[in-house]
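Engineer: Okay, predicted coordinates and the sequence, questions at the end:
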Amino acid sequence: MEMEQQATITATLEDESAHAFDSTVARIWRVFWILLIVTLVEIALATVHYFFGVPPVLLRNVIFLSLTLVKAFYIVAEFMHLRHEVKNLILSIMIPLLLFIWFITAFLTDGNSWRIDRERRAVQTEQVNQAP
């Protein structure tokens with residue numbers, strides 16, 4: 001009798017582990033296809049912009065950043081297992097990430113304004129030096 005119960009329990013555990021493995025593999029394939037589609041959209045957008053110049057650069061960059069954030073979300077959610085975590089843990093990771101992105105954006109903007117100002121001053125200096 002005990003042997004039959006052990007065999008039944010073993011068979012049940014094997015079925016459950018096989019089912020869990022199948023669902024994990026299916027989830028990984030789903031994420032793969034989502035990431036592939038987003039990447040193909042990015043490549044198509046870059047190709048269209050390269051040959052036709054559409055959409056404008058600013059709009060293209062916003063679209064690229066949005067699609068990159070979608071890909072980052074899926075990678076973090078699935079492969080770092082944060083999709084099913086507690087809200088506070090997710091916020092403790094996302095808030096510093098968003099601040100980091102904001103800092104990079106602010107530094108690039110500030111650096112660009114310094115470059116533009118330096119170029120404008122160089123042109124003004126040239127004009128003053130060339131004046132008779």
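Structural biologist: Received the coordinates, thanks. Numbers count the residues shown, from 1 in each chain.
Engineer: C-alpha from now on. contacts and neighbour counts both.
Structural biologist: Fine.
Engineer: tell me the phi and psi of the most centrally placed residue in the chain?
Structural biologist: For the chain, Ala72 is the residue whose C-alpha lies nearest the centre (C-alpha atoms, centre = their mean; 2.7 Å). Torsion angles at Ala72 (phi, psi; degrees, to the nearest 10) stand at phi -60, psi -40.
Engineer: Next one: it from Ile34, what distance?
Structural biologist: 12 Å (C-alpha to C-alpha, to the nearest Å).
Engineer: Repeat that for Gln130.
Structural biologist: Gln130 sits 59 Å away from Ile34, going by C-alpha to C-alpha.
Engineer: cool, and Met94?
Structural biologist: Distance from Met94 to Ile34, by C-alpha to C-alpha: 21 Å.
Engineer: now Phe103
Structural biologist: Relative to Ile34, Phe103 is positioned 29 Å away (C-alpha to C-alpha).
Engineer: repeat for His84
Structural biologist: Taking C-alpha to C-alpha, one finds His84 at 19 Å from Ile34.
Engineer: of the two, who's got more company?
Structural biologist: Ile34 (15 against 9; other C-alpha atoms under 10 Å).
Engineer: And the more buried one, what's its pLDDT?
Structural biologist: If you check Ile34, the pLDDT there is 92.
Engineer: can you check Ile116 too?
Structural biologist: 89.
Engineer: That one and Glu126, how far apart?
Structural biologist: Distance, Ile116 to Glu126, by C-alpha to C-alpha: 15 Å.
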